[in-house]
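Student: attaching a predicted model along with its sequence, questions to come.
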Amino acid sequence: MDITILGQQLLGYIPLGDIVLYLAPLNLFMFASTLAFTTIIAISKTETQVEAGFGTLKDREVKVDKSEFKIRRFLAIVCGLATAGAMITGDLFNFTLFVCLIGIVNIGIVAAVKQVDVLDAAFQYGLVAMIATLPLFGGAAMILASTGTISLLEIVDLPTTFMMVFGSLLLFIGVAGETGVAPFYATKAEMFRTPGSPFLLIIHLSSLLVIVRVIEILLIINKPF
Amino acid sequence: MSASVLVPGVVSPVVVSLFVPAIFTGLIVGIIGLMAIAYQKNDLNALILTDIVGVGMLILVAAVGTDLAEAIILPGLVVELAEILAISEILMSREMKKKGKNAELIPLPLSMDMEIMTTAPTFLALILIVHGAFLSGFTGGAVAGGGILFYVLSKRMRGVPANTWEGIAGVSGIAWCLWLVGFLVFFVFPQYWLLALFLAAFGIFIKVAFKAGLIGVIGREEFSKK
């Protein structure tokens, strides 16, 4: 099977020494949209939430002060760049590292908020993300052990073995925990309940795009078709 | 199961047979960590126990046992440390918000009032430095630097002569030059490779040892400010 799945065309390679990036329409589209969104975030201002007060007609504004805003914008840009890197990399281990970076930066974006509930949710999410490094790196290491390479362009030519299937399952569990999707989403939903909307949205976008990309990688490794 | 792993013929079968037990060890360590977290109600303890799961991850990566695995175990370690730092920062800021108080990142001066600090530092530091000298290179430098750091930290009550330590900081710079010269000799006069190897190995040994020792000196200066 070719590296291009889902009826794509291979547009070209970028060989950077050991690290070879490959360009296909799906990856390029996700890469470009991440970069575009990151640019929008970099030039946007943060929102102000208005909380309704109970038993009174007064509303309360929840604002983000300037130092917190700067840190949050910087971390959101790092998160966007890490997501863009995870979209286009052709190296399994670089992919896991980008996913881990996304996890750490997600914690950092909400680390400076003032709401105790949000900090509590971020702490729980951080514990899950840290536990998820075991299947994430373990899966990548198992694929490395069973194929002898971490380059997706090489793995695609090798026949699938039991260890590769097991390793890619672990990898998927790791990505799910690190980005906080299906079984682990409860804490992540709580993390959004804080002002500073455009920066918080990168948390959501990164997990969506990483899931699409990890499915592509699993198809490349396991070759079900 | 190990038959499904592609292994070059030069690797001895003993090493190959260690792979599957190592994988199981890593997974079992992770499961033990998860069980401990499940029983734990205290947040701080849960955070510390999460580190055990991270150790399981390192075992899984180390099980591969090739040069590439050695190269990727370092990013794994760094990621784990970064995550534990980020989460502990969250925990601290949450507790500060709850109590309405602020605290320093590293509360100085530390109170380390242990008997071993007064009776054993010379002996232990000597053993660490000699062991580091035998190891040489970066690892040896770290071991010997640990010895110097330990010595300075434990002797700071009695007062270490400041001039001596400042002189040592200069030696660190000169040793770095030795390391660079060693590398230059490698490229210019490859026939003297043994000399170059020893220059580089002991240059970096002295440099790293004194750099790590300097942490102790700076720490001591911080203490004396108080």
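Tutor: Thanks, I have the structure now.

Student: what segments of chain A are strands?
Tutor: Residue ranges of the strands in chain A, as given by DSSP state E, are A:12-16, A:19-23, A:49-52, A:59-62.

Student: most neighbours per residue, which of those strands?
Tutor: For these, the largest average neighbour count (mean count of other Cβ atoms under 10 Å in any protein chain shown) is found in strand A:19-23, namely a mean of 17. Placement of C-beta: from N, CA and C, glycine included.

Student: check whether that strand comes near chain B.
Tutor: No. Strand A:19-23 lies apart from chain B when judged by Cβ under 8 Å from any Cβ of the partner chain; the minimum separation is 12.6 Å.

Student: partner strands of that strand and their direction?
Tutor: strand A:12-16 (antiparallel) (DSSP bridges).

Student: could you dump the strands of chain A to CSV with mean pLDDT?
Tutor: Putting the strands of chain A into CSV (pLDDT from 0 to 100) gives the following:
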stretch, mean pLDDT
strand A:12-16, 75
strand A:19-23, 76
strand A:49-52, 74
strand A:59-62, 74
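
Student: quick one, which of those strands is nearest to A:T179?
Tutor: strand A:19-23 (21.7 Å; Cβ to Cβ).

Student: sorry, back to before: just so I know, which of the strands of chain A lies nearest A:T38?
Tutor: strand A:19-23 (18.5 Å).

Student: what is the burial count for A:I109?
Tutor: Residues within reach of A:I109, counting by other Cβ atoms under 10 Å in any protein chain shown, total 24.

Student: my read is that it contacts A:R73, right?
Tutor: No. Counting by Cβ atoms under 8 Å, A:I109 sits too far from A:R73 to count as a contact (9.5 Å).

Student: shared neighbours, those two?
Tutor: By Cβ atoms under 8 Å, 6 or more residues apart in numbering or on different chains, A:I109 and A:R73 have these common neighbours: A:F199.

Student: about what we covered before: quick one: closest of the strands of chain A to B:G33.
Tutor: Nearest of the strands of chain A (Cβ to Cβ): strand A:19-23, 32.5 Å.

Student: hmm, who's touching that closest one?
Tutor: Against strand A:19-23 from outside (Cβ under 8 Å, 6+ apart): A:3, A:10-14, A:88-91, A:94, A:151-153.

Student: so which of the residues you listed is surrounded by the most neighbours?
Tutor: A:G90 (25 neighbours).

Student: distance of that residue relative to B:S12?
Tutor: Applying Cβ to Cβ, to the nearest Å, the value for A:G90 to B:S12 is 33 Å.

Student: quick one, helices of chain A?
Tutor: For chain A, the helices defined by DSSP state H cover A:25-43, A:66-88, A:92-109, A:116-147, A:152-155, A:162-179, A:185-191, A:197-222.

Student: quick check: mean pLDDT across the fourth one?
Tutor: It refers to helix A:116-147. Across helix A:116-147, the average pLDDT comes to 86.

Student: how about it and chain B, any contact?
Tutor: Yes. Helix A:116-147 is in contact with chain B by Cβ under 8 Å from any Cβ, via A:116, A:119-120, A:122-123, A:126-127, A:129-131, A:133-134, A:136-138, A:140-142, A:144-147.

Student: which secondary structure elements does that helix contact?
Tutor: helix A:92-109, helix A:152-155, helix A:162-179, helix A:185-191, helix B:19-39, helix B:43-62, helix B:67-99 (3 or more Cβ pairs under 8 Å, 6 or more residues apart in numbering or on different chains; DSSP states H and E).

Student: chain center to it: distance?
Tutor: 12 Å (Cα atoms, centre = their mean, to the nearest Å).

Student: got the angle for that helix vs helix B:43-62?
Tutor: 20 degrees (axes from the mean of the first three to the mean of the last three Cα atoms, to 10 degrees).
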